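1. need a structure here:
(one chain, ligands or ions: 1)
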Amino acid sequence: MAINTSSNEIWRSWQNYSGFEDRSFRFTEDMRPLFYKWLGITPHSYVLDAGCGTGVFARYLAVDMADGHVDGFDINKGFIEYGKQKLQDLDLDEKVSLRVDDGFNLSTTDNTYDAVTNYTYIGVLSDPIAGLKELIRVCKPGGVVSCVIATNSIPPIVWQGDYPFEGAAELQRLYNEESYIFSKYARKNTDFNQSQEWHALRYPKMFEICGLKHIEIHPFAYTFNYNDEKLPIAYRQDLLKKEIEADIAWISARYEDKKDIYLEHEFHEEKLNRLIELLNIKLDYVTNNFEKDNSFEWIGGFNFIVTGIK
Ligand SMILES: C[S@@+](CC[C@H](N)C(=O)[O-])C[C@H]1O[C@@H](n2cnc3c(N)ncnc32)[C@H](O)[C@@H]1O
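-> As a prediction, the model looks like this:
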């Protein structure tokens, strides 16, 4: 049967990668030994990170490599170019190689890698089964093929924090109301030509029909505390400002797109405008007061990892 490659066009021309780089806090030192264990990796393994974007996950896995190596591929030339520069800056270019390749038709020969993984890649493909079969093809027999998945059916935790500005409690309330309507009623997985049939929770079954054995599901959660003193203040402030700006843009866009659904659930334009106004007040507060702030805003999310053996 012909492969549906319609998602390729979208990803080849995608410009913005700052969101990928900002996810690096999801991967902590503490978790690396568990990732190694679950993904079937040792410091000597030859590993593939599929749909690597700018290489955040490949870099994370490579840090503890001895004579092992991580290859990453992505269909987007801009992501790979940025990622290669980043590897040089971090002195990781001996341990990681990035290349442009199409996951539906990889340039690698059969049975090359000890382990093949990806972070939120299979889910963006218009034909996830074809994409997974390609990953299995390039994995050695006995190697682990895995997908790390950020599920949309469990929304991220967002605690806006105990901010001292007026309207902070109202912000938390309106924010929760909007996210609830969006995630429960308005969100559709259609924006990126993704497969409707193979949603994330069905991946263990998808692994089975693609011929993988000993399929397991592992939990992986992350949190980020904007008051974490171990991290540089400028990094935390920048991340939070970007989050707020992204929220303002994203909430406005999705309201415009799904207005009828929001109205059906009594989320009117006045509520939207007030929410945006409060997010702007928060942005202003964070811009000017972050150094002495102890509002303890934090975010968290649940991911899971499906693994199978070839
Ligand atoms: C949600 S992003 C995840 C990026 C990266 N793994 C990360 O977590 O930062 C999905 C990635 O898959 C890539 N992609 C989509 N279709 C692809 C294909 N057919 N071949 C290779 N990469 C592809 C996109 O360009 C994008 O970088």
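
2. so which residues of the stretch 151-300 of the chain form strands?
-> 157-159, 213-225, 298-309 (DSSP state E, counting those that start in this stretch).

3. could these be laid out in TSV, adding mean pLDDT and mean neighbour count?
-> Every C-beta, even on glycine, is put in place using the N, C-alpha and C of the backbone. Shown next, in TSV, are the strands of the stretch 151-300 of the chain (pLDDT from 0 to 100; neighbours: other CB atoms under 10 Å):
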stretch	mean pLDDT	mean neighbour count
strand 157-159	80	15
strand 213-225	94	14
strand 298-309	92	19
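
4. switch those over to a markdown table; also include distance to the ligand.
-> Output for the strands of the stretch 151-300 of the chain, formatted as a markdown table (distance: least, CB to the nearest ligand atom, whole Å):
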| stretch | distance to the ligand |
| --- | --- |
| strand 157-159 | 19 |
| strand 213-225 | 12 |
| strand 298-309 | 10 |
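
5. for Asp257, find the nearest of these.
-> strand 157-159 (20.5 Å; CB to CB).

6. helices and strands around that closest one, which ones?
-> Identification of packing neighbours for strand 157-159 by 3 or more CB pairs under 8 Å, 6 or more residues apart in numbering; DSSP states H and E yields helix 168-181, strand 298-309.

7. for the longest one, packing partners?
-> Yep, that's helix 168-181 we're talking about. Counting by 3+ CB pairs under 8 Å, 6+ apart, helix 168-181 packs on strand 157-159, helix 259-264, helix 269-289.

8. repeat that for the last one.
-> Counting contacts by 3+ CB pairs under 8 Å, 6+ apart, strand 298-309 is packed against helix 32-39, strand 139-150, strand 157-159, helix 203-209, strand 213-225.

9. what residues does the stretch 151-300 of the chain put near the ligand?
-> Taking CB under 6 Å from any ligand atom, no part of the stretch 151-300 of the chain reaches the ligand.

10. shaky segments in this structure?
-> In the predicted model of the chain, residues 151-156, 188-194 satisfy pLDDT under 70.

11. could you check the angle strand 213-225 makes with the longest helix seen in the chain?
-> For the chain, the longest helix by residue count, based on DSSP state H, is helix 233-257. Interaxial angle of helix 233-257 relative to strand 213-225 (axes from the mean of the first three to the mean of the last three CA atoms, to 10 degrees): 110 degrees.

12. hmm, who's touching stretch 239-258?
-> 18-19, 22, 25, 178, 182, 186, 224, 226, 262, 267, 272, 275-276, 279-280, 282-283, 286-287, 290, 297, 299 (CB atoms under 8 Å, 6 or more residues apart in numbering).

13. distance of the residue lying closest to Gly53 once chain neighbours are set aside from the ligand?
-> In this structure, Gly53 finds its nearest non-sequential neighbour in Phe20, 4.2 Å apart by CB to CB, 6 or more residues apart in numbering. According to CB to the nearest ligand atom, to the nearest Å, Phe20 and the ligand sit 3 Å apart.

14. what's around Phe20, how many residues?
-> 20 (other CB atoms under 10 Å).

15. in contact with it, which residues?
-> Contacts of Phe20 (CB under 8 Å, 6+ apart): 53-54, 56, 79.

16. need those residues in CSV (columns: neighbour count, distance to the ligand and secondary structure).
-> Listed next are the contacts of Phe20 as CSV, based on neighbours: other CB atoms under 10 Å; distance: CB to the nearest ligand atom, whole Å; DSSP: H, G, I helix; E, B strand; the rest coil:
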residue, neighbour count, distance to the ligand, secondary structure
Gly53, 27, 3, coil
Thr54, 28, 6, coil
Val56, 22, 5, helix
Phe79, 24, 5, helix
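
17. widest-spaced pair of the residues you listed?
-> Val56 and Phe79 (10.3 Å).

18. nearest residue to the residue of the chain most remote from its centre in space, ignoring adjacent ones along the chain?
-> Relative to the mean C-alpha coordinate of the chain, counting by CA atoms, centre = their mean, the farthest residue is Glu166 (33.1 Å). Setting aside the residues directly before and after it, Glu166 is nearest to Ile281 in space (CB to CB, 6+ apart), at 8.0 Å.

19. the one you found reaches Gly167, doesn't it?
-> Yes - look at Ile281 against Gly167 with CB atoms under 8 Å: they come within range, at 6.2 Å.

20. what strand or helix carries Glu9?
-> Element membership for Glu9, per DSSP states H and E: helix 7-12.

21. give me the distance from that helix to the chain's centre.
-> The chain centroid and the centroid of helix 7-12 are separated by 17 Å under CA atoms, centre = their mean, to the nearest Å.
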